[in-house]
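Engineer: predicted structure and sequence below. I'll ask about it afterward.
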Amino acid sequence: MQIELRFFASVREALNVAEERVEVPAGIATVGDVRQWLCGRGPVWAETLGAQRALRMALNHTMVPAATRLSEGCEVAFFPPVTGG
(Lines give C-alpha, C1' and ligand atoms only; values in the text may rest on other atoms or scores of the structure.)
Protein backbone atom coordinates (compact mmCIF):
# COMPACT_ATOMS: atom_id res chain seq x y z
CA MET A 1 0.00 0.00 0.00
CA GLN A 2 1.28 3.48 -0.84
CA ILE A 3 0.76 6.35 1.57
CA GLU A 4 1.85 9.97 1.85
CA LEU A 5 3.90 11.02 4.87
CA ARG A 6 4.13 14.58 6.13
CA PHE A 7 6.35 15.88 8.91
CA PHE A 8 5.87 19.26 10.60
CA ALA A 9 7.73 21.71 12.85
CA SER A 10 10.50 20.21 15.00
CA VAL A 11 9.82 16.72 13.58
CA ARG A 12 10.51 18.01 10.06
CA GLU A 13 13.63 19.81 11.25
CA ALA A 14 15.04 16.77 13.05
CA LEU A 15 14.40 14.39 10.14
CA ASN A 16 15.25 16.93 7.42
CA VAL A 17 12.21 15.68 5.47
CA ALA A 18 8.92 17.49 4.92
CA GLU A 19 7.04 14.87 2.92
CA GLU A 20 7.44 11.64 1.01
CA ARG A 21 5.44 8.89 -0.64
CA VAL A 22 6.23 5.39 0.60
CA GLU A 23 5.19 1.82 0.02
CA VAL A 24 4.55 0.33 3.46
CA PRO A 25 5.47 -3.30 4.05
CA ALA A 26 2.85 -5.99 4.59
CA GLY A 27 1.65 -5.97 8.17
CA ILE A 28 1.68 -2.18 8.54
CA ALA A 29 -2.00 -1.49 9.11
CA THR A 30 -2.32 1.46 11.50
CA VAL A 31 -0.92 4.94 12.04
CA GLY A 32 0.96 3.57 15.07
CA ASP A 33 2.45 0.80 12.92
CA VAL A 34 3.77 3.47 10.53
CA ARG A 35 5.37 5.36 13.41
CA GLN A 36 7.04 2.20 14.70
CA TRP A 37 8.18 1.17 11.22
CA LEU A 38 9.73 4.60 10.59
CA CYS A 39 11.71 4.30 13.84
CA GLY A 40 13.58 1.44 12.17
CA ARG A 41 15.13 3.84 9.66
CA GLY A 42 17.89 4.78 12.07
CA PRO A 43 18.81 6.53 15.31
CA VAL A 44 17.54 9.99 14.35
CA TRP A 45 14.20 8.51 13.28
CA ALA A 46 13.93 6.44 16.47
CA GLU A 47 14.76 9.44 18.65
CA THR A 48 12.35 11.75 16.81
CA LEU A 49 9.39 9.39 16.40
CA GLY A 50 9.94 6.92 19.26
CA ALA A 51 7.28 6.06 21.81
CA GLN A 52 9.11 8.16 24.42
CA ARG A 53 8.23 11.33 22.45
CA ALA A 54 4.90 13.09 22.73
CA LEU A 55 3.69 13.40 19.12
CA ARG A 56 0.40 14.14 17.44
CA MET A 57 -0.65 12.06 14.46
CA ALA A 58 -3.20 12.81 11.79
CA LEU A 59 -4.79 10.74 9.06
CA ASN A 60 -6.14 12.72 6.13
CA HIS A 61 -6.06 15.99 8.13
CA THR A 62 -7.88 14.57 11.18
CA MET A 63 -6.21 13.92 14.54
CA VAL A 64 -6.31 10.20 15.26
CA PRO A 65 -5.13 7.65 17.82
CA ALA A 66 -2.35 5.20 16.96
CA ALA A 67 -4.82 2.35 16.36
CA THR A 68 -6.46 4.11 13.38
CA ARG A 69 -6.32 1.95 10.26
CA LEU A 70 -4.64 3.08 7.06
CA SER A 71 -6.12 3.05 3.57
CA GLU A 72 -4.49 3.15 0.14
CA GLY A 73 -3.25 6.64 -0.71
CA CYS A 74 -3.96 8.14 2.70
CA GLU A 75 -1.89 10.93 4.24
CA VAL A 76 -0.25 10.36 7.62
CA ALA A 77 1.20 13.39 9.40
CA PHE A 78 3.42 13.66 12.45
CA PHE A 79 3.97 16.81 14.51
CA PRO A 80 4.78 17.86 18.06
CA PRO A 81 2.03 18.90 20.45
CA VAL A 82 1.15 22.55 20.08
CA THR A 83 1.81 24.82 23.02
CA GLY A 84 1.23 28.46 23.45
CA GLY A 85 0.34 31.11 25.88
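Structural biologist: Looks like it arrived, so ask away. Numbering: from 1, shown residues only.

Engineer: distance of the residue positioned nearest the centre of the chain relative to Val17?
Structural biologist: Centrality entry for the chain: nearest residue to the mean C-alpha point is Phe78, 4.3 Å, by C-alpha atoms, centre = their mean. Distance, Phe78 to Val17, using C-beta to C-beta, to the nearest Å: 10 Å. Every C-beta, even on glycine, is put in place using the N, C-alpha and C of the backbone.

Engineer: need the helices for the chain, in chain order.
Structural biologist: 9-15, 31-39, 43-49 (DSSP state H).

Engineer: only the buried residues of the last one, if you could.
Structural biologist: Read it as helix 43-49. Using 16 or more other C-beta atoms under 10 Å as the test for burial, helix 43-49 gives Trp45, Ala46, Thr48, Leu49.

Engineer: Leu55: which of those residues is nearest?
Structural biologist: Each of the buried residues of helix 43-49 was checked against Leu55 using C-beta to C-beta; the closest is Leu49, at 6.7 Å.

Engineer: tell me which residues touch the closest one, please.
Structural biologist: By C-beta atoms under 8 Å, 6 or more residues apart in numbering, the residues touching Leu49 are Val11, Arg35, Leu38, Cys39, Leu55, Phe78.

Engineer: format these as TSV; extra columns: distance to Leu5 and pLDDT.
Structural biologist: As requested, the contacts of Leu49 are exported to TSV (distance: C-beta to C-beta, whole Å; pLDDT from 0 to 100):
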residue	distance to Leu5	pLDDT
Val11	11	96
Arg35	10	98
Leu38	8	98
Cys39	13	97
Leu55	13	94
Phe78	8	97
